[in-house]
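Trainee: Starting from these lines, generate the structure:
(one chain, ligands or ions: 1)
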Amino acid sequence: MAAVSLGRAVGAATAALSISLISCFLLYRARSKLHPWMKKRGGKRRRGLVEAIGNTPLIRINSLSDATGCEILGKAEFLNPGGSVKDRVAVKIIEEAIENGELVEGGIVTEGSAGSTAISLATVAPAFGCTCHVVIPDDAAIEKSQILEALGAVVERVRPVSITHKDHFVNVAKRRAIEANNAKNDAKVEVSGHVSHNGQSDEGSEIKSRGGYFADQFENLANYRAHYEWTGPEIWNQTKGRIHAFVAAAGTGGTIAGVSRFLKEKNNSIKCFLIDPPGSGLFNKVTRGVMYTKEEAEGKRLKNPFDTITEGIGINRVTKNFMMAELDGAYRGTDQEAVEMSRFLLRNDGLFIGSSSAMNCVGAVRVARALGPGHTIVTILCDSGMRHLSKFFNNQYLAEHGLTPTATGLEFLS
Ligand SMILES: Cc1ncc(COP(=O)(O)O)c(C=O)c1O
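Mentor: Numbers count the residues shown, from 1 in each chain. Have a look, this model is predicted:
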C-alpha cells in the first residue's frame, strides 16, 4: 500500500516537474522570439534597465491608415528608456565590445555625437559598469550637453571643424579612447614594476584607467546588428509576417540596413524604401548609384551638407552600416512636409514625434500611395518631439525659416 502511494507520489512529482520544465521551455521560447539575442547569448538574460529596452509597441497610425487605405504602423522607439531607437545600438555596441574584450567593466565608452546615440550611450553605460565620454561641437544646442552631463557623461565641447581635421569631434572622441587605453597599459606597468611610464612614482594615478572604447556608430557594424537581430525580428513578430513594406530615413544607416536585411531574408517580396531629407546624397546613391545632390551637381554645394531642419538623418557618404541595406527604391522628403506631418499627427493621433519620425511618416504615405490600398507599411518613430523643442517645435524658429505649418489635412504631400 505504502509502496503504491509512494509510486503515485513519485509519478505526480515527475509529472509536475515535467510540466514546469515544459512551461519554462515554452516561456523561454516565447521570450526568445520577442528577444532573439537571448538565444544568441547562450540564454544569458539582459537584466535591469537594459531589459527594458526594445519590445516597443507597433502603433497603428489611424489618421494615415484611414487616409491611404493601408495599415500604416509606427514602431514606437521613443518609448525606450533613453528616449530613442539608439538605446538598442548603445546596448549592442557595448555588449559586443565587452564580449570581444575591447571594453571592460569600469572602462570609458567614447563617442563623437551631439545626438541621440550619445544620450543612449550615456544612459546605458552605467548599467554595464562603464562611463561615457562624449565629444560634441561647441555650436550644438546647450541642452544637449546639459542632458549628457546630467546623465553622468563627461562632455567635451570642441570647435566645429571639418571631418578631415584631427580636432573634429569624432576624431577627438577616437583619440580619447586611445589615450584611455594607453593610460591603462601604463597602469599595468605600474603594478608590475611599481613605476610610472616616465619612471617617476605616481601613486595617485594608479589604475585609474580601465581603458577606453570608441563606439564609432557610423562604421561599427554592431549598430546594424542591433536592428538585424532585434528591431527587425520584433517587427516581423508583431506583424506576424504580414508586412508589405518598410520605409525609413538613414543617418548612420544602421536601422534601415538591419531591418531591411532581416525582413528580406524572411520574405524577399517585402519592399524596403529610403526616405531622404534635403541635403543628403543617399537618394541619388539608391536611385542612380552616384552620391551627389542636385545642388552639388550644379556646383552650388550647400553651406552645410545636412542643411535640413530634420536631425539625425541625411548624410553625404556611404557608411559601412548603410552598405548592409537591401533597398527597392528611395523617396525624397522636404522640411516643410516633415513639419506639416508632425502637426498633422499631433492634431489627429496625439502623436508627439521628432523630426526624423515625421520624415519617416512622410515616407510611409509616399509608399502607401505608390503601392495602393490594402498594404501594411511599417516605419520607425525614432524619438519624441520633446527632444526638438528649440527648432522643430519652435514656431518662431519655423517662421524665420519659412516653415510655418498651414495645412489642415494631408494636402501638403504632393
Ligand atoms: C533621432 C534620430 N532619428 C533617426 C536616426 C537615423 O537612424 P540610423 O542612424 O539608424 O540611420 C538617428 C541617427 O542618429 C537619430 O538620431
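
Trainee: In stretch 347-356, which residues are buried?
Mentor: Within stretch 347-356, the residues scored as buried using 16 or more other CB atoms under 10 Å are Asn348, Asp349, Leu351, Phe352, Ile353, Gly354, Ser355, Ser356. Backbone N, C-alpha and C define where each C-beta goes, glycine included.

Trainee: For the ligand, what is the nearest residue in the stretch 1-150 of the chain?
Mentor: Residue of the stretch 1-150 of the chain nearest the ligand, by CB to the nearest ligand atom: Ser116 (3.7 Å).

Trainee: Take stretch 158-171, keep the C-alpha atoms, and write them as PDB.
Mentor: Extracted in PDB, the C-alpha atoms of stretch 158-171 (Å, rounded to 0.1, in the frame of the first residue of the first chain):
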ATOM      1  CA  VAL A 158      35.300  71.400 -29.300                       C
ATOM      2  CA  ARG A 159      35.400  73.900 -32.100                       C
ATOM      3  CA  PRO A 160      33.500  72.700 -35.200                       C
ATOM      4  CA  VAL A 161      36.000  71.800 -37.900                       C
ATOM      5  CA  SER A 162      36.000  69.600 -41.000                       C
ATOM      6  CA  ILE A 163      36.000  65.800 -40.500                       C
ATOM      7  CA  THR A 164      39.400  65.700 -42.200                       C
ATOM      8  CA  HIS A 165      40.800  67.900 -39.300                       C
ATOM      9  CA  LYS A 166      42.400  66.000 -36.400                       C
ATOM     10  CA  ASP A 167      40.300  68.000 -34.000                       C
ATOM     11  CA  HIS A 168      36.900  67.200 -35.500                       C
ATOM     12  CA  PHE A 169      34.800  65.900 -32.600                       C
ATOM     13  CA  VAL A 170      34.700  62.400 -34.000                       C
ATOM     14  CA  ASN A 171      38.400  62.300 -34.300                       C
END
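
Trainee: So the residue nearest the centre of the chain versus Ile53, what's the distance?
Mentor: Nearest to the geometric centre of the chain sits Lys86, at 2.8 Å (CA atoms, centre = their mean). Lys86 sits 10 Å away from Ile53, going by CB to CB, to the nearest Å.

Trainee: about what we covered before: give me the neighbour count for the residue of the stretch 1-150 of the chain closest to the ligand.
Mentor: 29 (other CB atoms under 10 Å).

Trainee: thinking again about what came up before, quick one, phi/psi of the residue nearest to the centre of the chain?
Mentor: Dihedral pair for Lys86: phi -70, psi -10, per degrees, to the nearest 10.

Trainee: And for the one 10 residues further on?
Mentor: Reported as degrees, to the nearest 10, the phi and psi values for Glu96 are phi -70, psi -40.

Trainee: One more: Ile147?
Mentor: Dihedral angles (degrees, to the nearest 10) for Ile147: phi -60, psi -50.

Trainee: Tell me the residues on the stretch 301-414 of the chain that lie near the ligand, please.
Mentor: Within the stretch 301-414 of the chain, the residues that sit near the ligand (CB under 6 Å from any ligand atom) are Glu311, Gly312, Ile313, Gly354, Ser356, Cys382, Asp383.

Trainee: got a list of what the last one touches?
Mentor: In other words, Asp383. By CB atoms under 8 Å, 6 or more residues apart in numbering, Asp383 lies in contact with Glu77, Phe78, Gly83, Ser84, Val85, Ser116, Gly312, Ile353, Gly354, Ser356, Ser357.

Trainee: and of the residues of the stretch 301-414 of the chain next to the ligand, the nearest to the ligand?
Mentor: Of those, the one sitting nearest to the ligand (CB to the nearest ligand atom) turns out to be Gly312, at 2.5 Å.

Trainee: what's the burial count for the closest one?
Mentor: Gly312, neighbours per other CB under 10 Å, totals 26.

Trainee: what's the pLDDT at it?
Mentor: Looking at Gly312, its pLDDT is 89.

Trainee: ok, it - contacts?
Mentor: Gly115, Ser116, Gly251, Ser355, Ser356, Cys382, Asp383.

Trainee: Run through the stretch 151-300 of the chain and note the low-pLDDT ranges.
Mentor: 187-208, 293-300 (pLDDT under 70).

Trainee: Can you tell me which residues in the stretch 1-150 of the chain are near the ligand?
Mentor: So the stretch 1-150 of the chain meets the ligand at Ser84, Lys86, Gly115, Ser116, Thr117 (CB under 6 Å from any ligand atom).

Trainee: Looking at the residues you listed, which are in helices?
Mentor: Among these, the ones falling in helices (DSSP state H) are Lys86, Ser116, Thr117.

Trainee: got those residues as TSV, with pLDDT columns?
Mentor: Shown next, in TSV, are those (pLDDT from 0 to 100):
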residue	pLDDT
Lys86	97
Ser116	92
Thr117	95
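
Trainee: and of those, the nearest to Glu156?
Mentor: Using CB to CB, Thr117 comes nearest to Glu156 of these, at 15.8 Å.

Trainee: how about the strands of the stretch 51-200 of the chain, start to end?
Mentor: For the stretch 51-200 of the chain, applying DSSP state E, counting those that start in this stretch gives strands covering 58-60, 71-76, 108-112, 131-137, 154-158.

Trainee: Dump the ones you listed to JSON lines, plus distance to Lys271.
Mentor: What follows is the strands of the stretch 51-200 of the chain, written out as JSON lines (distance: least, CB to CB, whole Å):
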{"stretch": "strand 58-60", "distance to Lys271": "18"}
{"stretch": "strand 71-76", "distance to Lys271": "14"}
{"stretch": "strand 108-112", "distance to Lys271": "33"}
{"stretch": "strand 131-137", "distance to Lys271": "37"}
{"stretch": "strand 154-158", "distance to Lys271": "41"}
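
Trainee: Ok, which of these comes nearest Asn171?
Mentor: strand 108-112 (7.3 Å).

Trainee: residues in contact with the closest one?
Mentor: By CB under 8 Å, 6+ apart, the list of residues contacting strand 108-112 reads 93-94, 97, 103, 117-118, 121, 125, 130-136, 168-174, 176-177, 180, 209-217.

Trainee: Right, I'll leave it there.
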